[in-house]
Every structure is written in structure tokens, then in C-alpha cells.
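Q: Return atomic coordinates for the entry below.
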Amino acid sequence: MAQPMTHRCLALFLALHAGLAKAGLAQGPALSATSPARQCSGARHTAESLVVYATRCAEEFVRRNGYTPAPPAPDTLLLAEEAIEYGRSWPERLRLRRATLDEQAVSAACDATGCGVTFRYLATASQCRFRLVTMTAEGAALRIAHQDVAPEPDSGGARRCPPA
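A: Numbering: from 1, shown residues only. A predicted model of the protein is given here:
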């Protein structure tokens, strides 16, 4: 289970995501925010906190989209395109994504604009680079940010990072 994130950088990414969504730029190439590929597959449980719900949604999102060692969703209608894709077909995209991210989230945070959940890369033990999944507080408009996120400067996480 992800721990609450204390990094101000996540708040910055959430604000950026909210601004991009309002401008219509936060979604992948051919999918709207209401596409089944961009929705949490389950409803929020009554006693479930928003952070726990966001974590559950994001973990399921990275699994079904082929980023973990687990098999991706067999239905391509449940696969979400990234803003920038390197493969031309779904089989090629899934091959490039395969086992790049840990299936368990590292951290999660929510605010009035939505939620962000971070995932560690599997190919490196780096404490310095993460992928970010963002979504609305209702579990909609899920997307994986194209650029990596890093711990806030002068935070405990940043102190573990080698100098750039």
C-alpha cells in the first residue's frame, strides 16, 4: 500500500494536470476522459479513503496497460494510449511497456483537483525517478504522465539521490 506523499512536487503536478485537463490537453491522442480505458474499474468502497481508492485505481491502471510483469488487459478498448507512444501497434506498445514499473505504488496524494500516484521503475533501484498516474477524485481521466517525477529538492528522498 502506498504511503501518503509529502512532496510538494506532486502538488505541482496535480495543479499542472488540472490546468491541462481544463485546456483539453491532458488526455492521450484518441481517448477522452470518459473512455473506459481512462476509468477506474471499480467503485470507491464506503469506508475507503480517497488516497486508498486512488492507489487501487492507479495500480489496476498500470497493470491492465501492460507496465507491470502481469499480463495486460486482453481487450484493447481498456488500454490507454500515452501522449507520446513509441510503438505503432498495441502489441509493440505493450512489448515496450512490459515490466517497466513495479505493480505496487510508492506514494499517493489527493487534493481538490484530483489525485496522483507514483510508481518505481523495475529496471533500476533508483530512488530518484518515478512515473506518475493522475486522475480525478472520482477515478476518471486516468493517465500516465510522460515525464518522470523526482523527490522534492532537500527532501529525504532527494538526499538519497546522487548529484545531477
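Q: show me what contacts the most centrally placed residue in the chain?
A: Closest residue to the average C-alpha location of the chain: residue 133 at 1.5 Å, with C-alpha atoms, centre = their mean. Counting by C-beta atoms under 8 Å, 6 or more residues apart in numbering, residue 133 makes contact with 58, 61, 62, 116, 117, 118, 119, 142, 143, 144, 145. Backbone N, C-alpha and C define where each C-beta goes, glycine included.
Q: residues touching residue 54, list them.
A: Taking C-beta under 8 Å, 6+ apart as the criterion, residue 54 is in contact with 108, 110, 115, 116, 117, 135, 137, 139.
Q: Mind doing that once more with 7 Å?
A: 108, 110, 115, 117, 135 (C-beta atoms under 7 Å, 6 or more residues apart in numbering).
Q: So what's the residue count around residue 79?
A: Neighbours of residue 79 under the rule other C-beta atoms under 10 Å: 19.
Q: you'd agree it is up against residue 37?
A: Yes - Residue 79 is in contact with residue 37 according to C-beta atoms under 7 Å; the separation is 5.8 Å.
Q: gap between residue 130 and residue 34?
A: Going from residue 130 to residue 34 by C-beta to C-beta, to the nearest Å gives 27 Å.
Q: which one of these two has more residues nearby?
A: Taking residue 130 and residue 34 together and counting by other C-beta under 10 Å, residue 130 has the greater number of neighbours (26 against 10).
Q: What sits closest to that one if chain neighbours are left out?
A: What sits nearest to residue 130 in space, not counting adjacent residues and going by C-beta to C-beta, 6 or more residues apart in numbering, is residue 118, at 4.1 Å.
Q: counting contacts, what elements does whichever helix or strand the one you found is part of pack onto?
A: In this assignment (DSSP states H and E), residue 118 forms part of strand 114-120. Using 3 or more C-beta pairs under 7 Å, 6 or more residues apart in numbering; DSSP states H and E, the elements in contact with strand 114-120 are helix 8-22, helix 50-64, strand 107-111, strand 130-135.
Q: Where does residue 43 fall, secondary structure wise?
A: Residue 43 belongs to no helix or strand, assigned by DSSP H and E.
Q: Could you report the neighbour count for it?
A: If we define neighbours as other C-beta under 10 Å, then residue 43 has 10 of them.
Q: Same question for the one 4 residues further on.
A: Counted with other C-beta under 10 Å, the burial measure for residue 47 works out to 6 neighbours.
Q: So it versus residue 103, what's the distance?
A: In terms of C-beta to C-beta, residue 47 sits 24 Å off from residue 103.
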